[in-house]
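What follows is a protein structure lacking sequence information:
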């Protein structure tokens, strides 16, 4: 019980020090963080400005990504600096945020066009994530983002029976020189040689 109480108070103190030293946002917009050491244990309440609460949330998300990247089958890249070794590299610039928003809109439009194309031509085959990856190159999307865009297009137009995404199918390789995605083909049609993902 003593270790729990010590850990709870240390957490509350660390948050309070951050808020005191680096206040973010108007003082009147606060959230209340209550830290306790279990039922009936000591509690500490910390008033956290909204900006600090957002920063703490981002910090926890980055730390979670750091743990995930440390797994043997993951990138091993530092989630805090994104491999740059520079402080603040995990912060996106306004231009980067705007560029990503445009890329995501392009992904949405592409997925909708492919789903509607299947429907209008009577082609009753799933829209594969690899096809959307190829159509949106050079933008980079995760398989989850592409699948979500296809699923949203299918749901938006009520075409579940016409175009369902096959989430298990991923590109086998990608030609970085020509932008071609391979899925079952031996090689890039331009290079005539096998490429790696």
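Sure thing, it's come through. The structure presented is a predicted model; accordingly, all values stated were derived computationally and were not measured.

which outside residues touch the helix or strand that residue 20 is a member of?
Assignment of secondary structure by DSSP states H and E places residue 20 within helix 2-21. Outside helix 2-21, the residues within contact range by C-beta atoms under 8 Å, 6 or more residues apart in numbering are 33, 35-38, 41-49, 52, 55-56. Backbone N, C-alpha and C define where each C-beta goes, glycine included.

Now which of the residues you listed would you call buried?
For the contacts of helix 2-21, burial is judged from neighbour counts taken by 16 or more other C-beta atoms under 10 Å, and it is met by 33, 35, 36, 37, 44, 46, 48, 49, 52, 55, 56.

Could I get the contacting residues of the fourth one?
Under the criterion of C-beta under 8 Å, 6+ apart, the neighbours of residue 37 are 1, 4, 5, 7, 8, 9, 43.

Most neighbours out of the residues you listed, which is it?
When neighbours are counted by other C-beta atoms under 10 Å, residue 8 leads these with 19 neighbours.

can you tell me how far that residue sits from residue 31?
Computed with C-beta to C-beta, to the nearest Å, the distance linking residue 8 and residue 31 is 18 Å.

Residue 128 now?
43 Å.

Could you do residue 112 as well?
Computed with C-beta to C-beta, the distance linking residue 112 and residue 31 is 38 Å.

again with residue 51
Between residue 51 and residue 31 the distance, using C-beta to C-beta, works out to 11 Å.

likewise residue 4?
23 Å.

Domain-wise, how is the chain divided?
By the assignment in automatic domain parsing, the chain contains the domains 2-69, 94-182.

Which of those comes out lowest on mean pLDDT?
Confidence, taken as mean pLDDT, is least for domain 94-182 of the domains of the chain (a mean of 76).

what's the offset of it from the middle of its chain?
Going by C-alpha atoms, centre = their mean, to the nearest Å, the spacing between the C-alpha centre of domain 94-182 and its chain's C-alpha centre is 16 Å.
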